[in-house]
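Peer 1: sequence unknown, structure follows:
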């Protein structure tokens, strides 16, 4: 069925070089044949973003953010002009726009701006003239008429926001993978592509390590209920639809397994079991800018308890130092750290209505002689901190146990 | 004396790489100490312009001009952001602007736009805040809010136009040479730097081959009487001032010798000496887009005459073919072509009031056994077409004859 408007977003690997830009141009044209109006959002060519950043950091270790936005936004401007040239070369009319030109108005938080409104007049006019519209991703314009950027992965956000503003039927995210998988196919050979996943599940998957799409843009898609189609720019096969919900989804409890090795564990032993102690600890930790993720404190049978938490490995050194200082102050015992940990998670909206999922996960890990160090749960996910060396084994075992190779 | 506003323009070789950008930043800061307000115009880094153009031509042999402007304008956007970062790194406040942001409004002739107006509010505001203003050269914005570019060498024009709009005291053009020379120093060892030259002389010099500054920007500087200081970004020494006129200038008849090998000669023999024949010939030639430069037709004593003219060597093939066709049509004789020619010119406002300059030039060439093929004169220049192999010899001889090594 011909859709009225679709938004397509092509990431950096899809437009890595001139040949790929030509392939994308063909892809866009074939979409134009099947639908009435197209808005294409492009990222910068391959390594352009890194190259621009390198230049700035050769001049200053702390370049001003407004100037960084001025600099970095050129990457997407280059790729959108080249794609428009490539489409015109194939005989179809196309026009490229900067964030400024299509009126993507943002706040003035340079390098991490938030989109406030999008004017759609120029896009609508171009569509009326039969043109394919190409928009530079990742960028907008502030009320001061300065160029702003939306942070890494911001082109996803540009695409979703444009889909919302233009009331598009679907937002297609083209990347170098063919969709969202039940787990990392490089780790588990028989990982399966997920046909449909909910925004919530995808958010858990994204934040837990499946780096296909920027989390912020999934949140926006969820809020405005914009269907997302994640697919490969190198293949015609259907990818993964990210949607609000589907009755069918209820049948499957666990949709995917994610894992990461980015976190380290800190344990403060023999913490006096008094009101306000946890608050004290994490206030101090947050002051140093460390992003505490998982926190576990068990009930205690003595007057002392152990508190464990994880922080990104990059923050471990300062977080450990601060923890030692706090431990002394609150008369706690030893502080230990462990970098040799990984997080393994199962994700699925179906968990809400299925029983025994957690038990099944723990039993599976036990059967495989994998000791669980910490446990944390959300409404639709269960995460375990385990020995880093056993991570791949755990992912494989869980993938099999929950029969994700059979969906 | 502290000037109120100066405009500085740094060309591609001045900002060829990160190290040079740092040097330019220091240079700008030292100018800021000596003057109240600075506007800096920058070209794209070194080879960026060529690289961007290459990408486009890998996609299309005839890329749409609007998209080319979108693409090419990023080069200057990158360099102005980097220079602002470099100046801030040295501890001074700076802000970079695109052509759009400072309101350089142009017509919609993409790739060769003409500046219509410049709004100066943002620059004035930044100056009031004590900031050094960096403007991306070569670009503007059309009434459609599309990015336009001003053609090759357009950053010179940006600088001169900004100097005019801001009523700057001087416009400094930084390049890789220390000024304008009496002739090409690579050809004549004792060529001297010219301290002061008039706009008219500089226009002749520019169009005759001394490629230091874009001719269009000199015309604008002349019209608004904006003093230009051409100097090197790699040296502190004073360069060449281009000014309206100076009484001192009258003393010297010939200010410089220029030459080029870019043209070829076509001669149509035995052209019937009738009214309208020349018009017929050059109408046909202009139709093929060839840029005819010098034309010589001598008085004839028979009913036939020879007509010679020069065209750029790149246009020779098609101009020759067309000439043969016309010759047939008008019953003229043979058509011959000669690529082995060069043009040597002497330039100087003083010619207006000095006698015998032409004779002196021809005598000098004769003394050196250099045969003159064609002669053409303007109010302040005399050009001779000679054998290409003798060009350097002619330049040296004329340079000596007019005592340009002694100024």
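Peer 2: That came in fine, so what should we check first? If you're wondering where the values come from, they're calculated on a predicted model, not measured in any experiment.
Peer 1: end to end, how far does stretch A:114-126 reach?
Peer 2: Stretch A:114-126 has an end-to-end distance of 26 Å (Cα to Cα, to the nearest Å).
Peer 1: contacts for it?
Peer 2: A:39, A:95, A:97, A:101-107, A:133, A:135, A:140, A:150, A:157-158, A:161-162, A:164-166, B:145 (Cβ atoms under 8 Å, 6 or more residues apart in numbering or on different chains). No exception for glycine: its C-beta is placed from N, CA and C like everyone else's.
Peer 1: now do it, average pLDDT.
Peer 2: Taken as a whole, stretch A:114-126 has a mean pLDDT of 96.
Peer 1: stretch A:18-34 too?
Peer 2: Rounded mean pLDDT across stretch A:18-34 is 96.
Peer 1: next, the buried residues of it.
Peer 2: By neighbour count on 16 or more other Cβ atoms under 10 Å in any protein chain shown, the buried set for stretch A:18-34 is A:18, A:20, A:21, A:22, A:24, A:25, A:27, A:28, A:29, A:31, A:32.
Peer 1: please apply the same query to stretch A:186-197.
Peer 2: The neighbour-count check on stretch A:186-197 (16+ other Cβ under 10 Å) flags A:187, A:188, A:191, A:192, A:193, A:194, A:196, A:197 as buried.
Peer 1: one more: stretch A:345-363?
Peer 2: Within stretch A:345-363, the residues that count as buried by 16+ other Cβ under 10 Å are A:345, A:346, A:347, A:348, A:349, A:350, A:351, A:357, A:360, A:361.
Peer 1: same deal with stretch A:254-263?
Peer 2: Within stretch A:254-263, the residues that count as buried by 16+ other Cβ under 10 Å are A:254, A:255, A:256, A:257, A:258, A:259, A:260, A:263.
Peer 1: domain parsing for chain A?
Peer 2: The record's domain parsing of chain A by automatic domain parsing lists A:3-176, A:246-407.
Peer 1: which of the ones you listed sits most buried?
Peer 2: domain A:3-176 (a mean of 21; mean count of other Cβ atoms under 10 Å in any protein chain shown).
Peer 1: now residue A:257: closest residue in space that isn't a chain neighbour?
Peer 2: Once flanking residues are discounted, residue A:257 sits nearest to residue A:183: 4.1 Å by Cβ to Cβ, 6 or more residues apart in numbering or on different chains.
Peer 1: pretty sure that neighbour belongs to a strand, no?
Peer 2: No - using DSSP: H, G, I helix; E, B strand; the rest coil, the assignment for residue A:183 is coil, not a strand.
Peer 1: for residue A:228, see how far away it is.
Peer 2: Separation of residue A:183 from residue A:228 (Cβ to Cβ, to the nearest Å) stands at 20 Å.
Peer 1: any low-confidence regions in the stretch 101-250 of chain A?
Peer 2: Low-confidence segments of the stretch 101-250 of chain A (pLDDT under 70): A:207-210, A:246-250.
Peer 1: what's the local residue count around residue A:229?
Peer 2: 18 (other Cβ atoms under 10 Å in any protein chain shown).
Peer 1: what's across from it in the sheet?
Peer 2: residue A:172, residue A:241 (DSSP bridges).
Peer 1: so who does it touch?
Peer 2: Neighbour list for residue A:229: A:170, A:171, A:172, A:173, A:238, A:239, A:240, A:241, A:242 [criterion: Cβ under 8 Å, 6+ apart].
Peer 1: any chance of these in CSV, with distance to residue A:272 too?
Peer 2: Below are the contacts of residue A:229 laid out as CSV (distance: Cβ to Cβ, whole Å):
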residue, distance to residue A:272
A:170, 56
A:171, 52
A:172, 55
A:173, 50
A:238, 57
A:239, 53
A:240, 49
A:241, 51
A:242, 46
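Peer 1: which residue does the stretch 251-400 of chain A have closest to chain B?
Peer 2: Nearest residue of the stretch 251-400 of chain A to chain B: residue A:289, at 23.8 Å (Cβ to the nearest Cβ).
Peer 1: so what's that residue up against?
Peer 2: The contact partners of residue A:289, by Cβ under 8 Å, 6+ apart, come to residue A:315.
Peer 1: and it, which of the three is it?
Peer 2: Criterion first, three-state DSSP; result for residue A:289: coil.
Peer 1: and if you look at residue A:309?
Peer 2: strand.
Peer 1: any idea how far it is from residue A:380?
Peer 2: Residue A:309 sits at a distance of 22 Å from residue A:380 (criterion: Cβ to Cβ).
Peer 1: the longest helix belonging to chain A: what's the following helix or strand?
Peer 2: Counting by DSSP state H, the longest helix found in chain A is helix A:65-89. The helix or strand immediately downstream of helix A:65-89 is strand A:94-97, counting by DSSP states H and E.
Peer 1: what's that next one in contact with?
Peer 2: For strand A:94-97, contacts defined as Cβ under 8 Å, 6+ apart pick out A:80-81, A:83-84, A:87-88, A:122-123, A:126, A:131-136, B:66-67, B:70.
Peer 1: try 7 Å this time
Peer 2: The contact list for strand A:94-97 (Cβ atoms under 7 Å, 6 or more residues apart in numbering or on different chains) reads A:80-81, A:83-84, A:87-88, A:122, A:126, A:131-136, B:67, B:70.
Peer 1: so for it, what's the average pLDDT?
Peer 2: Averaging pLDDT along strand A:94-97 yields 98.
Peer 1: circling back: enumerate every residue touching the residue nearest to residue A:257.
Peer 2: Contacts of residue A:183 by Cβ under 7 Å, 6+ apart are A:191, A:256, A:257, A:258, A:395, A:399, A:404.
Peer 1: one more pass at 8 Å, please.
Peer 2: Neighbouring residues of residue A:183 by Cβ under 8 Å, 6+ apart: A:191, A:256, A:257, A:258, A:259, A:395, A:399, A:404.
Peer 1: so in terms of bridging, what pairs with the second one?
Peer 2: Judged by DSSP bridges, the bridge partners of residue A:256 are residue A:347.
Peer 1: gap between it and residue A:399?
Peer 2: From residue A:256 to residue A:399 the distance is 9 Å (Cβ to Cβ).
Peer 1: return the residues in contact with the closest residue to residue A:370 other than its chain neighbours.
Peer 2: Leaving aside its sequence neighbours, residue A:370 sits nearest to residue A:390 (Cβ to Cβ, 6+ apart; 4.8 Å). Residues near residue A:390 by Cβ under 8 Å, 6+ apart: A:342, A:368, A:370.
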